[in-house]
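Peer 1: Here is a sequence with its predicted model. Questions after.
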Amino acid sequence: MRILIVLIFLISFSLKAQILSERERAALKDEILADRFNELLPNLMDRTEIDMWVIISREYNEDPVLKTMLPALWLNARRRTILVFYRNKEENKIEKLAVARYDIGENITSAWNKEDQPDQWKALVKIIEEKNPKKIGINISKHFGLADGMVKTDYDEFLEVLPDHLENRLVSAEELAIGWIETRTEKEMELYRDLVQITHAIIDEAFSEKVITPGVTTTDDVVWWMRQKVTDLGLETWFHPTVDIQRTNEALKSHIYSFSKGEKDKLIIHGDLLHCDFGITYIGLNTDCQQHAYVLHEDENVVPHFLSKAFEKGNRLQDILTSNFSVGNTGNEILLKSLEEAKKEGLRPSIYTHPLGLYGHSAGTTIGMWDSQGGVPFNGDYPMYPNTVYAIELNTTVTIEEWKKDIRIMLEEDGFFGIDGFRYVNGRQKSIKAIPGNSKE
């Protein structure tokens, strides 16, 4: 018991030591943003052959892409904020302009003098005419919500002032917007490892004797402990966590129950197989993890062998899926190949892996949905690119003879796909956590 308390104290101390102050976070966020603008964005514009990208938003109604471009001191757009990125490939330059009254941090320079030109739209048109781009990308997309940030009002007003000879140069910036959101830089990945490590540490503490006392603690107690822990550490969570239970005398619930309804305030007892879904937000990046724990009976010292063997099947499904990651393959191709291979090995798989990064359910290729195991139209047809992060989310159903029922091993871990292949950002769960079974008198 004393060793466990010391370990939990060390975990908590380590967590607080890892998390930066607000001033330090702001400096790091702006450093990462400058690197993305100067090193990543030119390559993305070249890849998509868009030499001008126009992003328009109004305060409190921000384009999802624009929100990821605001510096640390800008929590929202101001008035109507118009960004113009112009890529001169021949001279290897990128201009970052704001048709706004202010510079936007250190990276984007104000290019509008209202005293000289009172009309903001005409100021925008003047810049476009001066640069004379071949393609003008705007954020409109039918199938990718994060790339569809231009609202109808701004679109209509833009078209009213844009000369006819420039209007036919307008194109959807869908692939550019997705590329901006999905691609991770080296600086971001240095941060990401710490972020996932913090996520894992919070789950470790939540699924421990410190938080859970069999016969006393409920699932909601654990959920709200996690929420409070995140707040106490000065972090945020991008979705409300869940904790659910599988146990020997209860039938396996449906997918829709597991993913939408969950379990409210259910008492945790000996012999429960616990599962959590938890993710946090920190300096513009997001995590998403699902792990399992088992509440030992008072006469048990380890997780039952049959549950450990079932868990191994979940790890095996992860291996099959990530072995099929390849540049240019679509999410649907990866999904169908992985399901086929898993079924040949006797697994009963379900795969619903999604891109992760600047948003939790982020832009990029979708590899299945829990209710779309035959493929996902459009979003699943997008190809996989390197330097992207995914929530490796899936489950496999396993028959437990000792319980005379099926259970689901539901796992989710954050993984990075780069030019050298796939790796987990901070490892993955390889065995079920054991929670001591001492009941509170």
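Peer 2: Now that the structure is in, tell me what you want to look at.
Peer 1: pull the CA atoms of the top helix by length along the chain into PDB?
Peer 2: Longest helix of the chain, by residue count under DSSP state H: helix 186-206. Listed next in PDB are the C-alpha coordinates belonging to helix 186-206 (Å, rounded to 0.1, in the frame of the first residue of the first chain):
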ATOM      1  CA  GLU A 186       8.700  17.800 -35.700                       C
ATOM      2  CA  LYS A 187       8.200  20.500 -33.200                       C
ATOM      3  CA  GLU A 188       4.600  19.400 -32.700                       C
ATOM      4  CA  MET A 189       5.600  15.700 -32.300                       C
ATOM      5  CA  GLU A 190       8.000  16.700 -29.500                       C
ATOM      6  CA  LEU A 191       5.100  18.200 -27.700                       C
ATOM      7  CA  TYR A 192       2.700  15.300 -28.600                       C
ATOM      8  CA  ARG A 193       4.700  12.700 -26.700                       C
ATOM      9  CA  ASP A 194       4.400  14.700 -23.500                       C
ATOM     10  CA  LEU A 195       0.700  15.200 -24.100                       C
ATOM     11  CA  VAL A 196      -0.100  11.500 -24.500                       C
ATOM     12  CA  GLN A 197       2.100  10.700 -21.600                       C
ATOM     13  CA  ILE A 198       0.000  13.000 -19.400                       C
ATOM     14  CA  THR A 199      -3.200  11.400 -20.800                       C
ATOM     15  CA  HIS A 200      -1.900   7.900 -19.900                       C
ATOM     16  CA  ALA A 201      -0.800   9.100 -16.400                       C
ATOM     17  CA  ILE A 202      -4.300  10.500 -15.700                       C
ATOM     18  CA  ILE A 203      -5.900   7.200 -16.700                       C
ATOM     19  CA  ASP A 204      -3.400   5.300 -14.600                       C
ATOM     20  CA  GLU A 205      -4.400   7.300 -11.600                       C
ATOM     21  CA  ALA A 206      -8.100   7.100 -12.300                       C
END
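Peer 1: Wasn't Trp74 part of a helix?
Peer 2: No - looking at Trp74 with DSSP: H, G, I helix; E, B strand; the rest coil, it is coil, so not inside a helix.
Peer 1: Moving C-terminal from the longest helix of the chain, which element do we reach first?
Peer 2: Counting by DSSP states H and E, the next helix or strand C-terminal to helix 186-206 is helix 219-232.
Peer 1: got a list of contacts for the following helix or strand past that next one?
Peer 2: Using DSSP H and E, the helix or strand that follows helix 219-232 in sequence is strand 242-246. The contact list for strand 242-246 (C-beta atoms under 8 Å, 6 or more residues apart in numbering) reads 206, 219-220, 222-223, 252-253, 258, 262-263, 266, 268, 272-277, 407-408. For every residue, glycine as well, the C-beta is placed using N, CA and C.
Peer 1: ok, now stretch 159-172?
Peer 2: Outside stretch 159-172, the residues within contact range by C-beta under 8 Å, 6+ apart are 50, 121-122, 124-125, 128-129, 133-141, 147.
Peer 1: Touching, Arg25 and Glu31? I think so.
Peer 2: No - in this structure, Arg25 is not within contact of Glu31 by C-beta atoms under 8 Å, at 10.7 Å.
Peer 1: and the gap between Glu115 and Lys187?
Peer 2: Distance, Glu115 to Lys187, using C-beta to C-beta, to the nearest Å: 39 Å.
Peer 1: the more surrounded of these two?
Peer 2: Neighbour tally, Glu115 and Lys187, criterion other C-beta atoms under 10 Å: the higher count belongs to Lys187, 16 against 6.
Peer 1: Identify each buried residue in the longest helix of the chain, please.
Peer 2: Under the neighbour-count criterion of 16 or more other C-beta atoms under 10 Å, helix 186-206 has 187-188, 191-192, 194-206 buried.
Peer 1: What angle do helix 219-232 and that helix make with each other?
Peer 2: 140 degrees (axes from the mean of the first three to the mean of the last three C-alpha atoms, to 10 degrees).
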